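Visitor: output the structure for:
(one chain, ligands or ions: 1)
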Amino acid sequence: MRYLPIHVDTKDADILIVGGEAAAEAKLRTLVKTDANLILVATIVSPEITRWIEAGKITHFNRAFSPCDLDGKRLVYAATEDDSFNGEIAALCRAKFLPVNAADYKDACDFITPALVDRAPVAISIGTEGTSPGLARAIKADLETRLPSTLGSYALKVQKLRAKVKAVMPALSDRQRFWAAIFGGKSLDAQLRLSNEALEAAVYDRFQSKSENGGGMVSLVGSGPGNPDLLTHQARQKLHSADVIVYDRLVSQGVLDFGRREAEYIYVGKEPGGASTPQDEINAIIVAKAKAGHAVVRLKSGDPLVFGRADEEIDALIAAGIAFDICPGITSASAAAAQMKTSLTTRGHNKSVTFMTGHDAKGFAEQDWANLAKPGARAAVYMGIGASRFIQGRLLLHGAAKDLPITIVENASRPEQKIVATTLAGLADDLVAAGIVGPALLMIGYAVRDAKHEILKEKAAL
Ligand code: SAH
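Guide: Predicted coordinates for the structure are as follows:
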């Protein structure tokens, strides 16, 4: 991110606009909504700007720009119709460390103006760093239709209630958790339709139940295979209201971004073959944080109940008498199958599918190879990259066909996803040749759908 979005206080600020035609008008359309003192220097002024001047929203100087116009200004908009002149004004501003925006001249800008959805005091700015203003406008149009015009008055309602809640709940972290629970996960539409009284009642109810149980709890939450769109609604709610987020290596940043900025983030990743946080230590962390009264989210990749050592954490929570719940997630085998456009079970082909691990506590995991080698058998192998040669050897030894299709799906659902089609005979070598480092699944007995489908998909994307 090159451009940092910030909201500038315009109260009592002098803002200079040089130029009075189309470019200046576009900037002023937003600026006239602010509290700033707008000072316009221009000899030609459009009819729309003239109306704003007549309405007293702008102080107009009908003369050429002079460098002393810059003195004492908070921001400057060089918005004449002459790009190179705008560049000259920008250079003068920069020499004075004065933030400047030069219309249609990105390289000369200290700041650029985002598309804006205005529901003051709620403002949503949309920036694309100048890459695609059309896209920003489309996002704006979408939000404009979805966000009710009453959003601003709703924010003012909340502001009033905040003062009341603050009086009875002095600790900031308590209040943050409280409000996250009020807003978290509810439909925004329903939320915004609440009358003043109904909102007040919701706040009061929540406050009552809070003082009744008060203590912390732990949620074991599945973060899915990595694409944040595959997170459940419940998982998002939990993340939104968590005080502490204890997360694994394969949890993606996009998923973590649903947590609050103020939450405490604790990484307990277990690197394959490398450093790891011992399970006992993870158990101790979640127990201690919950005992301290926090809402803890224990975030695990995929589904927390699939190869996630959830039982050990659940046992520790029960032993410590801590309340907990579990939010399932999309396990990576489901995501991989979806990406391969293949059903995990196929009528007339396989009546069962095995989810298995390539490793267990002792090393390579032994399985019921005789069954897995039978014609039609299918399995999704988790943590199988390092064990691929071992798995290949075991299956061949038990009579599986050399041309048994196997699909390797790395980073299922993530932008860097890779799908490699191979066979049992080629498994270990193809995996190395394709540079698979994981996370990946070995989908045994599964072929990728034919290339025709992929071509159709590419065409559809054009
Ligand atoms: N609870 C997780 C599995 C954790 S074990 C789940 O339900 O998916 C870790 C293994 O999951 C990795 O070694 C890899 O085999 C698999 N995995 C996790 N995320 C993956 C992804 N996005 N693509 C492919 N495999 C993934």
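Visitor: how about residue 283, what does it touch?
Guide: Shown in contact with residue 283 (CB atoms under 8 Å, 6 or more residues apart in numbering): 312, 313, 316. (Each C-beta comes from the backbone N, C-alpha and C, glycine too.)
Visitor: give me the nearest residue to the last one, chain neighbours excluded.
Guide: It stands for residue 316. residue 283 (3.7 Å; CB to CB, 6 or more residues apart in numbering).
Visitor: then the helix or strand hosting the one you found to CSV, C-alphas only?
Guide: Using DSSP states H and E, residue 283 sits in helix 279-291. Output in CSV follows, covering the C-alpha atoms of helix 279-291 (Å, rounded to 0.1, in the frame of the first residue of the first chain):
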residue,chain,number,x,y,z
GLN,A,279,0.8,-28.2,22.2
ASP,A,280,1.0,-27.9,26.0
GLU,A,281,2.1,-24.3,25.6
ILE,A,282,-0.8,-23.5,23.3
ASN,A,283,-3.2,-25.1,25.7
ALA,A,284,-1.7,-23.0,28.5
ILE,A,285,-2.0,-19.8,26.5
ILE,A,286,-5.7,-20.2,25.6
VAL,A,287,-6.6,-21.3,29.2
ALA,A,288,-4.7,-18.3,30.7
LYS,A,289,-6.2,-15.8,28.4
ALA,A,290,-9.7,-17.0,29.0
LYS,A,291,-9.2,-17.0,32.7
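Visitor: immediately after that helix, which helix or strand?
Guide: strand 295-300.
Visitor: paired strands for that following strand, with orientation please.
Guide: strand 217-222 (parallel), strand 244-247 (parallel) (DSSP bridges).
Visitor: contacting residues around the longest one?
Guide: To tie it back to what came earlier, the one meant is strand 217-222. For strand 217-222, contacts defined as CB under 8 Å, 6+ apart pick out 232, 235, 238-239, 242, 286, 289-290, 295-305, 308, 310, 313-314, 317, 322-331.
Visitor: sort out which of the residues you listed are buried, if you could.
Guide: 232, 235, 238-239, 242, 286, 289-290, 295-305, 308, 310, 313-314, 317, 322, 324, 326-331 (16 or more other CB atoms under 10 Å).
Visitor: could you measure the residue in the stretch 101-250 of the chain that the ligand sits nearest to against residue 27, distance?
Guide: Nearest residue of the stretch 101-250 of the chain to the ligand: residue 225, at 3.7 Å (CB to the nearest ligand atom). Per CB to CB, to the nearest Å, residue 225 is found 44 Å from residue 27.
Visitor: more neighbours, these two?
Guide: residue 225 (31 against 19; other CB atoms under 10 Å).
Visitor: count the residues that sit near the spatially closest residue to that one that is not a sequence neighbour.
Guide: Closest residue to residue 225 apart from its sequence neighbours, by CB to CB, 6+ apart: residue 335 at 3.8 Å. Neighbourhood size, residue 335 [other CB under 10 Å]: 24.
Visitor: list the residues that contact residue 335.
Guide: 224, 225, 227, 230, 302, 412, 413.
Visitor: spatially, which two of those are the most separated?
Guide: The most widely separated members of the contacts of residue 335, counting by CB to CB, are 227 and 302 (11.7 Å).
Visitor: which one of the contacts of residue 283 is nearest to the ligand?
Guide: Once CB to the nearest ligand atom is applied, the member of the contacts of residue 283 that ends up nearest the ligand is residue 313, at 12.6 Å.
Visitor: please name the residues that touch the closest one.
Guide: 218, 220, 279, 282, 283, 286, 298.
Visitor: ok, and of the buried ones among the contacts of strand 217-222, which contact the ligand?
Guide: 300, 301, 302, 303, 308, 331 (CB under 6 Å from any ligand atom).
Visitor: going by distance to residue 2, which of the residues you listed wins?
Guide: Distances from residue 2 to these, taken by CB to CB, are shortest for residue 301, at 30.4 Å.
Visitor: I figured that closest one hits residue 235, correct?
Guide: No - contact criterion CB atoms under 8 Å: residue 301 and residue 235 do not qualify, at 11.8 Å.
Visitor: so what sits against both of those two?
Guide: Between them, residue 301 and residue 235 share the contacting residues 222, 223, 224, 329, judged by CB under 8 Å, 6+ apart.
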